[in-house]
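S.K.: Here's my sequence, what's the structure:
(chains A, B, C and D, ligands or ions: 2)
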Amino acid sequence: MKSDYSTPLDVDAIRADFPILHQEVRPGVPLVYLDNAASSQKPLAVIETISDYYSRYNANVHRGIHKLSEAATDAYESARRRIQAFINAASFREIIFTRNTTESINLVAQSWGRSNLEPGDLIVSTEMEHHSNIVPWQMLAGQTGAVLKFVPIAEGGILDLDVYHQLLEEGPKLVTFTEMSNVMGTIPPAREMIEAAHAVGAVVHVDGAQSVPHMPVDVQALDADFLSFSSHKMCGPTGVGVLYGKREILEAMPPFLGGGDMIKRVELGQSQWNDLPYKFEAGTPAIGEVIGLGAAVDYLGAIGMDKVHQHEQAVTKYALDRLSEVGGVRVLGPEDVSIKGGAVAMVLDCAHPHDVAQVLDHHGIATRAGHHCAMPLHQHCNVVASTRASFYLYNTFEEVDRLIDGLYKVKELFAR
Amino acid sequence: MKSDYSTPLDVDAIRADFPILHQEVRPGVPLVYLDNAASSQKPLAVIETISDYYSRYNANVHRGIHKLSEAATDAYESARRRIQAFINAASFREIIFTRNTTESINLVAQSWGRSNLEPGDLIVSTEMEHHSNIVPWQMLAGQTGAVLKFVPIAEGGILDLDVYHQLLEEGPKLVTFTEMSNVMGTIPPAREMIEAAHAVGAVVHVDGAQSVPHMPVDVQALDADFLSFSSHKMCGPTGVGVLYGKREILEAMPPFLGGGDMIKRVELGQSQWNDLPYKFEAGTPAIGEVIGLGAAVDYLGAIGMDKVHQHEQAVTKYALDRLSEVGGVRVLGPEDVSIKGGAVAMVLDCAHPHDVAQVLDHHGIATRAGHHCAMPLHQHCNVVASTRASFYLYNTFEEVDRLIDGLYKVKELFAR
Amino acid sequence: MDDLYREIILDHYQNPRKKGKLEPADIDYAEDNPVCGDHIHLTLQIDENDVVKAVGWEGEGCAISQASASMLYETLVSKSLDEIRTIGKDDVLEMLGIPLSPVRLKCALLSLKVLKAGAYGLTAWPGEEED
Amino acid sequence: MDDLYREIILDHYQNPRKKGKLEPADIDYAEDNPVCGDHIHLTLQIDENDVVKAVGWEGEGCAISQASASMLYETLVSKSLDEIRTIGKDDVLEMLGIPLSPVRLKCALLSLKVLKAGAYGLTAWPGEEED
Ligand SMILES: Cc1ncc(COP(=O)(O)O)c(C=O)c1O
Ligand SMILES: Cc1ncc(COP(=O)(O)O)c(C=O)c1O
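M.R.: Ligands and ions are numbered 1, 2, ... in the order given. The predicted model follows:
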């Protein structure tokens, strides 16, 4: 069955790196983890890097004149440079550590947005976005009087680029869109979209929460002005995210949060901001987690993001083909894996997405059910919710078979 | 020598819990970690809780219908309730997870402050504050036209309460102060100060970054409206902080960051906020780190914060007494350990604070040199910087002796 | 598998009782479960003695949420508002009779939450009133 | 201990050269090391051939920052701005001749940073111009 679907990865070897995968959720029922778009699992190298930090050289960074603090600062700043390399940013100063994608986007909205937008200015987002790429802009629109418009989803779960180009003609100040839908897996033509937006003078923010973990992303090739992503979705720990921003844009932005580390000098009447990236990193950062994310990009980089992407395409293709056999399953979004990442959201005729997930869980298969923080997208699809299986580098064709078997059990139970 | 100074703790047993403490910074030179006010070390129980999370039940929280997500959600929410108990908050809804104290304070400034302050309104802070309790209020004052005034430091490194009461007569909308200075260790009479502020109708924010890790804090007894603190200073991991807020105040506040998890419903035109505390937790939280902080408060709670405080008072008293023998050492702040925590900032006649720290580090003793993110305080003391030794539950009287020996080496080198 | 969805739950899910929207209604309230998009809209007619005369509800969602609404709302007619006030989380869970994880608990209790919010303005989730 | 602070560093620290503030000055620039509060204020008089005529500086800070200022600024007189432009991070470190951790590196290089910022408007830390 899987002979048609070839992967460049030695998945058995990769699975051996992830302690969590080798467990039974109930006696005799091994775990099949297909909830990767929500959060990925972590290789031992990352887990041990974090333990090692707390066991050997934990200390606050940047200001310490002692061995532990120097070691912690070195490791923290070295992680920044490896993350810079991972997305090919031009300078370490363009890598700002936040809590997650959501905070990165809020930083752009509040710092760049509040200081650059005036009443009536246009912000363009899309209907395909995660709530984290909608709500901060709604809030910003409320605060500034800017107007927020959305590129609709067209037939086949792709963005309606005709409307996109029409909206660009209205001269938006900011364009923001996801490089990979967390529900339908859709990969829009980001480079072309950015070029077109730049041609009308817009600044472009790219939501990389799903793309950066799953495919090669080169911010200079993309020419994105901002890119946001989360550690926890790319083999790294929770509690840390990244905002990439072009240096000259970041330089001109006011700080987001105030406090220790982001200042050069504080007097009672006023303060003087620190250099990039520290201007945007107020207070003690997520030191251990940044160092953990450094280990994660080392891990992914050693495997190669192109191979990760190819593997996921193969597994996704296999899943789509097998799903089409089941019957009564509607898959949301594109079916062409050249424009689709490893997120497969589906709706069954016979059962509600929650019930599907619950029955699958009973068989050890972890999927996610609900709106996946993308209510407008689901509204567009005319469903309240979906069940989503999402793949990562450690998922196998056999696990897809387990998913399909599980769906047959769902049908058995509900289609009576 | 130490017979006069009694501690209720079995410090040897406690030290055995902290892997990092048992190392030599250079061959033959064991580590003496006296930089606890910057960041504390972590017991094995915390390190293992985090590894265990990533190795056994890592998953995104709140929305998952599968075993791992349920386990992660349980552990995350259970940590919230134990942290609630640790500071005796009335409801788990009053415990909001942030990145650190700094973000907690910014949340109050931006959400409460921007929606409650008008031009000319008064905010009262103090000269004793960490930059994180100054800069967010400066920014807020700039944004709203509110006026920021500072309670000066009086003789002996305590707050000038006469001026405080005069400022209260001006009817401030918000009062904010630290419950323990991170430089001088000063513990102001927080309960009385809060009562007086409430009497004139002010809302009170307490910076608990130093107090919560080092002494019992009961938010209901204090009657604080807000309390901010950081995990990394209290045996927990980096990347997570807490904002406590009284429920009725939090309910009335607009959200701070927008995105996933903090909404109930998103439509393209508008969104509806989630219930507390989730309204203030946008995006995937620091799940592993919150669970780690839960293990930290379990650890501290089992020992007893009253005992931690007594131990630190004994070690601090011993340090102050021995420092007075050295000669040419000026200790900043109070000398009475009943109003002083375990932070001992000093200035030597013969050498700059950096050089002091560097020589101490050469002898294995980790202290901190600089302004400790408290430039206005140092300005008040008429020094640019100080060298700070700060103690925690695992520090011993012998380590104080090592510090004193180190200071004699400094004098030897510089006082020629 | 047996205890995952009992027969009675599947029955109420596939053949819900009391479906429909009353007009006019004395109590008319709708809410979602934000976690998953379950939706329940309840309408009640109440007589002058504060007793439920008629029930109608509409909704979308999973088997648990819809079966729980059908099973719970079916029992309301001729109950007084005072009697209804005593219905608690445990009553609903007993009615369903299956083990539920915290997320599914919200599915199970949405019907009760809508009832309590519509009838008494309570906004907390049943069982969490005392936070 | 020997290599921690060399004799020459302690000497320049305890007996700094070229202290004082020139008035008028052709170049007048001051900066802090935000990490630790070291402060250096440099004034230079430049002749019509772009050669340094006189140097004066004031400062406060640690032995490393102040000795480095004293040692560096002492060498400036009769150098042209073009010559001064070629002075780099490594020259200063060689002058000091002790191993320095990253934090202390900033102490050591503050004098050079102030010189470069004052003379050429460069704002980056020496050695980090190419970020
Ligand atoms: C009194 C006080 N407030 C605030 C902070 C800031 O804490 P964080 O850096 O964890 O945000 C600190 C930590 O140095 C502190 O000591
Ligand atoms: C496309 C997309 N954007 C944003 C987010 C938000 O990420 P986080 O919750 O880590 O902030 C997600 C995660 O679910 C996502 O998939």
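S.K.: Which single helix of the chain contains the most residues?
M.R.: Picking chain A for this. helix A:305-326 (DSSP state H).
S.K.: Chain C, not that one
M.R.: In chain C, with assignment by DSSP H, the single longest helix is helix C:102-120.
S.K.: picking that back up, hmm, who's touching the longest helix of chain A?
M.R.: A:2, A:5-9, A:11, A:185, A:214-217, A:300, A:329, A:331, A:335, A:337-338, A:340-342, A:344, A:346, A:389, A:391-393, A:395-397, A:400-401, A:403-404, A:407-408, A:411 (Cβ atoms under 8 Å, 6 or more residues apart in numbering or on different chains). Where you see a C-beta, it was placed from the backbone N, CA and C, and this is true even at glycine.
S.K.: out of the residues you listed, which are buried?
M.R.: Taking 16 or more other Cβ atoms under 10 Å in any protein chain shown as the criterion, what is buried in these is A:5, A:7, A:9, A:11, A:185, A:214-217, A:300, A:329, A:331, A:335, A:337, A:340-342, A:344, A:346, A:389, A:391-393, A:395-397, A:400-401, A:403-404, A:407, A:411.
S.K.: Helices - which of these land there?
M.R.: Per DSSP H, the subset of the buried ones among the contacts of helix A:305-326 in helices is A:11, A:214, A:300, A:397, A:400, A:401, A:403, A:404, A:407, A:411.
S.K.: from those residues, which two are the most distant?
M.R.: A:300 and A:411 (36.8 Å; Cβ to Cβ).
S.K.: about what we covered before: can I get the ones in helices among the buried ones among the contacts of helix A:305-326 in JSON lines with distance to chain D and pLDDT?
M.R.: Formatted as JSON lines, these follow (distance: Cβ to the nearest Cβ, whole Å; pLDDT from 0 to 100):
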{"residue": "A:11", "distance to chain D": "39", "pLDDT": "98"}
{"residue": "A:214", "distance to chain D": "29", "pLDDT": "98"}
{"residue": "A:300", "distance to chain D": "24", "pLDDT": "98"}
{"residue": "A:397", "distance to chain D": "45", "pLDDT": "98"}
{"residue": "A:400", "distance to chain D": "45", "pLDDT": "98"}
{"residue": "A:401", "distance to chain D": "50", "pLDDT": "98"}
{"residue": "A:403", "distance to chain D": "47", "pLDDT": "98"}
{"residue": "A:404", "distance to chain D": "51", "pLDDT": "98"}
{"residue": "A:407", "distance to chain D": "52", "pLDDT": "98"}
{"residue": "A:411", "distance to chain D": "58", "pLDDT": "96"}
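S.K.: where does chain C dip in pLDDT?
M.R.: Applying pLDDT under 70 to chain C flags residues C:1-3, C:34-35, C:129-131.
S.K.: quick one: contacts for the spatially most central residue of it?
M.R.: In chain C, the residue lying closest to the centroid (Cα atoms, centre = their mean) is residue C:111, at 2.3 Å. Counting by Cβ under 8 Å, 6+ apart, residue C:111 touches C:40, C:42, C:57, C:65, C:68, C:69, C:72, C:73, C:92.
S.K.: try residue A:15
M.R.: Applying Cβ under 8 Å, 6+ apart, the residues near residue A:15 are A:21, A:22, A:394, A:396.
S.K.: thinking the third one is in contact with residue A:11, fair?
M.R.: Yes. Judged on Cβ atoms under 8 Å, residue A:394 makes contact with residue A:11 at a distance of 6.4 Å.
S.K.: ok, stretch A:243-260 near ligand 2 or not?
M.R.: No. Applying Cβ under 6 Å from any ligand atom, one finds stretch A:243-260 separated from ligand 2 by no less than 11.3 Å.
S.K.: distance between the ends of that stretch?
M.R.: 19 Å (Cα to Cα, to the nearest Å).
S.K.: Run the chain-centre distance for that stretch.
M.R.: In this view, stretch A:243-260 has its centroid 21 Å away from the chain centroid, taken as Cα atoms, centre = their mean, to the nearest Å.
S.K.: how near is the residue in the stretch 101-250 of chain A positioned nearest to chain C to residue B:258?
M.R.: Across the stretch 101-250 of chain A, no residue is closer to chain C than residue A:131, which sits at 10.7 Å (Cβ to the nearest Cβ). According to Cβ to Cβ, to the nearest Å, residue A:131 stands 8 Å off from residue B:258.
S.K.: before we move on, the earlier item: pull out the buried residues from the longest helix of chain C.
M.R.: Residues of helix C:102-120 classed as buried: C:103-119 (neighbour count, 16+ other Cβ under 10 Å).
S.K.: follow-up on the earlier one: which neighbours do residue A:131 and residue B:258 have in common?
M.R.: residue B:271.
S.K.: Pull the number of nearby residues for residue C:30.
M.R.: Neighbouring residues of residue C:30 were enumerated by other Cβ atoms under 10 Å in any protein chain shown; the total is 15.
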